[in-house]
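Asker: sequence and predicted structure are below.
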Amino acid sequence: MPPDGSKYQIRHCLQPTCRFRFHAPIGINRVENCPKCGSPTQIVPIPFPDYRQNPVSTIPTKKVEVLLDNIRSAYNIGSILRTADGAGVSHVYFCGISPTPDQPKVMKTSLGAEATINWSQHWNALDVIKDCRKKGMFLCALEGGTNSRSLFDSDFFPQENALLLIIGNEVTGIDPEILGICNQIFWIPMNGTKRSLNVTVAFGIAVYFLSMFPGYQSK
């Protein structure tokens, strides 16, 4: 049994012209012959018994909340929830058409994070953002455009304020009126031919940078 208690092992095909390396189940449904060529396989020993144990967590000391403005895909929502849980996000606002964590398609990719994240549903994102601004939160939006700065120009983040990270629709982006009242708009630099990332990938980069970056956290 692997150290993480899973029901799978790594096997390696012994046929020199194949050498297929794959994960195989342990137990009654175990796979002993190569599914690619049918040759015998051998179990690959795991060199480090604790290879899948988590290191000591780095808990963010800064309060970060997230607002999802009309995200379309339930699968994207689930992935965002899982990442938000890992980054220590304190609350997620589901606004407009954004699917909520109690929907089955969200649960498929959130993998239990829907039960650990504090969240609320709101039909009007602008109302929520105005309320957060009254509470003194620093409002930042992940969006491109002429008024946007690189995420990694970290000097614009305050030390004392809690932060609201706003993520917009996969196609149309964030409501322009919302962008108009944000303290800062930022984007993630792109070095290839594409001009944007999948919303879940972009969110992951942004939320970890904002919640873990030492210059941003409270002292």
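Answerer: Received, thanks.
Asker: gap between residue 126 and residue 64?
Answerer: In this view, residue 126 and residue 64 are 20 Å apart by CB to CB, to the nearest Å. Where you see a C-beta, it was placed from the backbone N, CA and C, and this is true even at glycine.
Asker: host element of the spatially most central residue of the chain?
Answerer: The chain has residue 83 as the residue nearest its centroid, 2.9 Å off, counting by CA atoms, centre = their mean. Residue 83 belongs to helix 74-87 when elements are defined using DSSP states H and E.
Asker: contacts for that helix next, please.
Answerer: Residues outside helix 74-87 that contact it (CB atoms under 8 Å, 6 or more residues apart in numbering) are 60, 64, 66, 68, 71, 92, 94, 98-99, 101, 103, 105-111, 113-114, 116-117, 167, 170, 198-200, 203-204, 207-208, 211-212.
Asker: in ChimeraX, how would I select just the buried ones from the residues you listed?
Answerer: Entered in ChimeraX, the line below selects the buried ones among the contacts of helix 74-87, by 16 or more other CB atoms under 10 Å:
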select :60,64,66,68,71,92,94,98,99,101,106,107,109,110,113,114,117,167,199,200,203,204,207,208,211,212
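Asker: so which of the contacts of helix 74-87 belong to strands?
Answerer: Applying DSSP state E to these, the entries found in strands are 64, 66, 68, 92, 94, 167.
Asker: now these in a markdown table, with distance to residue 132 and pLDDT?
Answerer: Converted to a markdown table, the ones in strands among the contacts of helix 74-87 look like this (distance: CB to CB, whole Å; pLDDT from 0 to 100):
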| residue | distance to residue 132 | pLDDT |
| --- | --- | --- |
| 64 | 12 | 92 |
| 66 | 11 | 97 |
| 68 | 14 | 97 |
| 92 | 13 | 97 |
| 94 | 14 | 97 |
| 167 | 14 | 97 |
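Asker: return the set of buried residues in the helix holding residue 83.
Answerer: The neighbour-count check on helix 74-87 (16+ other CB under 10 Å) flags 74, 76-85, 87 as buried.
Asker: now render those as JSON lines, adding distance to residue 141.
Answerer: Below are the buried residues of helix 74-87 laid out as JSON lines (distance: CB to CB, whole Å):
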{"residue": "74", "distance to residue 141": "22"}
{"residue": "76", "distance to residue 141": "17"}
{"residue": "77", "distance to residue 141": "18"}
{"residue": "78", "distance to residue 141": "22"}
{"residue": "79", "distance to residue 141": "20"}
{"residue": "80", "distance to residue 141": "15"}
{"residue": "81", "distance to residue 141": "19"}
{"residue": "82", "distance to residue 141": "22"}
{"residue": "83", "distance to residue 141": "18"}
{"residue": "84", "distance to residue 141": "17"}
{"residue": "85", "distance to residue 141": "22"}
{"residue": "87", "distance to residue 141": "17"}
